[in-house]
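> Provided below for reference: sequence and predicted model.
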Amino acid sequence: MKWVSPTKLGVAGAGGEAKAVLFKSKLKWVGLFGLVLSAFSLFTHFLLARYSVGVTVSEYKSSITIFSWRPIFENANFPTALPATLHRRLWAPLKHLESIHPYANPRANYVALPPRANRFIFVRIRGGFHEIRNSICDVVVVARLLNATLVIPEIQSTTSSKGISTEFKSFAYLYSEDQFMTALVKDIRVVKTLPKDLKGARRKKEIPSFKVPNTASPHFYLHHVLPVLNQHSVVELVVPDGGCLQALLPPHLEEYQRLRCRVAFHALKFREDVQELATKILYRLRSSGRPFIAYDPGMTRDALAYHGCAELFQDVHTELIQHKRAWMIKRGIVKGNLTVDSAEQRLSGLCPLMPEEIGILLRAYGYSWDTVIYVSGGEVFGGQKKLIPLHAMFENVVDRTSLSMMWELDRMYGREANLVDKPKASPPLKEEKKPDSWKTSGPRPRPLPPPPARAKYPYNIEGWWGWVAESDNEPESTVIELRTNAHKLLWEAIDYTICVEADVFVPGFDRDGRGNPNFASLVMGHRLYQAAASKTFRIDRKEIGKLLEDIREHLYQANHTWITSVRRHLRRNLVNGLKDELTRSKRLTFLSFPVPECSCSGGRRPTSEVSVNASSPSAHQPLHDVLAAMPQCPSWMDINTTSTPRDMESEEDDVYEDDPDDSPDAALLFRQGGDSNEGGVEMSNKEETQMDDQEELEGGER
């Protein structure tokens, strides 16, 4: 045996351990290098997928719909410029109406405020946002007519709700009291509360009260209300129907119509924090530097029930609408049958256009998939499910919830107490007395156990409509629902501001649950007063319903003829739709068409251009007479309305003639994705050799 030195043995063992450690460290470096290489490869693939403009990526993009519930403003490939013709057709104001300017100031025959009279009018207003706004304008006119002091109206939608913030009460919950009083100081006298002696009489219900319909005439107030007012020094008006004075007043009361405009468009300002949030949302909408469309669906349960549109829905919502219609028939609001042919109502233009149909019309008109669309409305009956097709056709569909933070909304609501609905106490069970024969009878077999309770699935009972699955009677509103109804006033105040300021406004429906003009009609009237030339689509639902019915089986495969018809209708009704508003809406609500009483004409007068067809000018004669009778604006108004004849001619061609840029390629405007089942609208593939501006003109995308 050979002897080995211990020292050498230790050195050899240490060398082996060093080699093992070195080998492990090499493995770590190799693994780290592999991870870095993998990360770099993934990053490279993401860059290629993001910025590649090859044919393969283009074909991939054209076969799917990018679905998003949030605005895609960041890192979006928005076109920097549009062809002039396309931009004018989609976004430019209408030159035919640029000569109309707001002018609601009193004219020469407006008498000064009469001497102070110790008479007061106290008003209680019921209804939603548009009904409150109409009613306030009417009660101001009534106070002026009776030479009485107006107590700031009480809004029942808020005062009857429990749990709203104590910081706001009644009128101040929605509007600014100080602005209201300051703006009307030259028209009527306004106070915040009744004198102490009259307050006591009101508590004791000793004040004479009138429940006034929205068709009440000046004669009614002068011969029925005024004598009572002179006798008791105060009267109470209850306004339940969205107004307390007829829309069309006699010619000698034209100044009272202008007073309505001063109230609606100048005195009624939303309270500061509501206006501030609306301004923030408007700023966020315009932060991308692009114009946007405001769309109001108008799909409320009351409106659908009133007009018999229950069959537009295919689920439990149909039963809810029918239940509401039965309730309306029982109370005399609706005169007709419970069951109505909704298809016939749709073809007659009496039902709202679905969001899917609005999306198809906008795509046919030329708006691309990345157009920003703001959806307004405190309630879209049917929920977000009805908005899915619109989201599939347009990526940037937003609303107030997606453009504001929860804390911003909470701050607008103020400090509200936590509400807990108290469960209703069930009546005590009465013990049934058994007959004596049961007690004396012999032994009986044991009864079978009761069957198990039917499973209640969450989707059958959750939501405010869950009672339909269990009961035939609609339950009373909970305190949480009452608070939500009060919040809807604030939501619609925000939406109203944004819709008025939008570049384009599209109404889905213009009637409420009583057949009167609704929120969208007020918006269109405000836009007509503030900026008459702003682009507002006044859709003839009867004609559009027939066009949609023609391609109902293949909505996403429209041909060139159909697209041309839709574009011609939408372009012409930008101006001609005013005739329908004049003859149909103004007689119900003056604020839906405050022209010509609250406007003036500056520069080129709108005369013969409003007539579309020279062979039948009588069809548009009412509108022609209204615009021709408009007075000239005063000299102190600095109005710059210079426009060259060439611009007028091009605008004339753009609105009234067929689009010269329509080509046979428009027949492929819509295409249903072959492998996609998301229900979206896809644009047809264009040949790479086509000109970019021609693609834009046809609504195509690359």
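That came in fine, so what should we check first?
> M181: neighbouring residues, count only.
17 (other Cβ atoms under 10 Å). Where you see a C-beta, it was placed from the backbone N, CA and C, and this is true even at glycine.
> check it and give its pLDDT.
Note on M181: pLDDT of 94.
> just confirm it is within a helix.
Yes - applying DSSP: H, G, I helix; E, B strand; the rest coil, one finds M181 inside a helix.
> is it true that it touches V190?
Yes - with contact defined as Cβ atoms under 8 Å, M181 counts as touching V190 (4.6 Å).
> so what sits against both of the two?
By Cβ atoms under 8 Å, 6 or more residues apart in numbering, M181 and V190 have these common neighbours: I152.
> what about the closest residue to E597 other than its chain neighbours, neighbour count?
Nearest residue to E597, sequence neighbours excluded (Cβ to Cβ, 6 or more residues apart in numbering): Q257, at 4.3 Å. For Q257, the count of nearby residues is 19 (other Cβ under 10 Å).
> pLDDT wise, what is Q257 at?
94.
> contacting residues for it?
249, 590, 594, 597-598 are the contacts of Q257 under Cβ under 8 Å, 6+ apart.
> need those in a markdown table with neighbour count, pLDDT and distance to D540, can you?
A markdown table is the format used below for the contacts of Q257 (neighbours: other Cβ atoms under 10 Å; pLDDT from 0 to 100; distance: Cβ to Cβ, whole Å):
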| residue | neighbour count | pLDDT | distance to D540 |
| --- | --- | --- | --- |
| L249 | 19 | 93 | 28 |
| F590 | 28 | 94 | 22 |
| P594 | 23 | 93 | 22 |
| E597 | 19 | 90 | 25 |
| C598 | 25 | 92 | 25 |
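> so which of these is the closest to V36?
P594 (68.8 Å; Cβ to Cβ).
> what mean pLDDT does stretch 302-313 get?
Here the average pLDDT along stretch 302-313 is 90.
> got the CA coordinates for that stretch in CSV?
These are the backbone C-alpha positions of stretch 302-313, laid out as CSV (Å, rounded to 0.1, in the frame of the first residue of the first chain):
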residue,chain,number,x,y,z
ASP,A,302,-92.3,53.9,-19.5
ALA,A,303,-91.8,55.0,-23.2
LEU,A,304,-91.6,51.4,-24.4
ALA,A,305,-94.8,50.6,-22.5
TYR,A,306,-96.7,53.7,-23.6
HIS,A,307,-96.0,53.1,-27.3
GLY,A,308,-96.4,49.3,-27.2
CYS,A,309,-92.9,48.2,-28.0
ALA,A,310,-92.6,45.2,-25.7
GLU,A,311,-91.8,42.7,-28.4
LEU,A,312,-88.6,44.4,-29.3
PHE,A,313,-87.2,42.4,-26.4
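> what's next to it, contact-wise?
For stretch 302-313, using Cβ under 8 Å, 6+ apart, the contacting residues are 318, 321-322, 324-325, 327-328, 333-334, 336, 340-343, 345-346, 350-352, 354, 381-382, 509, 511-515, 518.
> can you show me the helices along the stretch 101-250 of the chain?
In the stretch 101-250 of the chain, the segments counted as helices under DSSP state H, counting those that start in this stretch are 129-146, 156-159, 171-174, 177-183, 196-203, 218-220, 226-232.
> quick one: end-to-end distance for stretch 108-124.
End-to-end span of stretch 108-124 (Cα to Cα, to the nearest Å): 34 Å.
> tell me the mean pLDDT for stretch 346-363?
In the prediction, stretch 346-363 has an average pLDDT of 93.
> what does stretch 269-283 give?
95.
> list the buried residues for it?
269-271, 273-274, 277-278, 281-282 (16 or more other Cβ atoms under 10 Å).
> before we move on, what about stretch 161-170?
Neighbour count says stretch 161-170 has 161, 164-165, 168, 170 buried, by 16+ other Cβ under 10 Å.
> got JSON lines for those, with pLDDT and distance to L390 too?
Below are the buried residues of stretch 161-170 laid out as JSON lines (pLDDT from 0 to 100; distance: Cβ to Cβ, whole Å):
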{"residue": "S161", "pLDDT": "78", "distance to L390": "31"}
{"residue": "I164", "pLDDT": "86", "distance to L390": "32"}
{"residue": "S165", "pLDDT": "85", "distance to L390": "34"}
{"residue": "F168", "pLDDT": "86", "distance to L390": "34"}
{"residue": "S170", "pLDDT": "89", "distance to L390": "36"}
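> count of neighbours near H266?
14.
> hmm, back to that, okay, and the residue nearest to E597 sits in which element?
Per DSSP states H and E, Q257 falls inside helix 254-262.
> downstream of that helix, the next helix or strand is which one?
Following helix 254-262 in sequence, per DSSP H and E, is helix 272-286.
> how far is the very next helix or strand once past that next one from where the chain is centred?
Downstream of helix 272-286, the first helix or strand assigned by DSSP H and E is strand 292-296. Averaging C-alpha positions (Cα atoms, centre = their mean, to the nearest Å) puts strand 292-296 8 Å from its chain's average.
> circling back to that earlier point, which of the helices of the stretch 101-250 of the chain sits closest to H526?
Of all the helices of the stretch 101-250 of the chain, helix 129-146 comes closest under Cβ to Cβ, at 9.8 Å.
> elements contacting the closest one?
strand 120-125, strand 149-151, strand 234-239, helix 254-262, helix 479-501, helix 519-530 (3 or more Cβ pairs under 8 Å, 6 or more residues apart in numbering; DSSP states H and E).
> want to throw those into a markdown table with distance to L198?
Converted to a markdown table, the helices and strands packed on helix 129-146 look like this (distance: least, Cβ to Cβ, whole Å):
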| stretch | distance to L198 |
| --- | --- |
| strand 120-125 | 6 |
| strand 149-151 | 9 |
| strand 234-239 | 5 |
| helix 254-262 | 25 |
| helix 479-501 | 27 |
| helix 519-530 | 33 |
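> to P389, which of those lies closest?
Of all the helices and strands packed on helix 129-146, helix 519-530 comes closest under Cβ to Cβ, at 20.1 Å.
> now the angle between helix 129-146 and the closest one, please.
60 degrees (axes from the mean of the first three to the mean of the last three Cα atoms, to 10 degrees).
> right, and the helix or strand after helix 519-530?
Assigned by DSSP H and E, the successor of helix 519-530 is strand 535-536.
> all set now, cheers.
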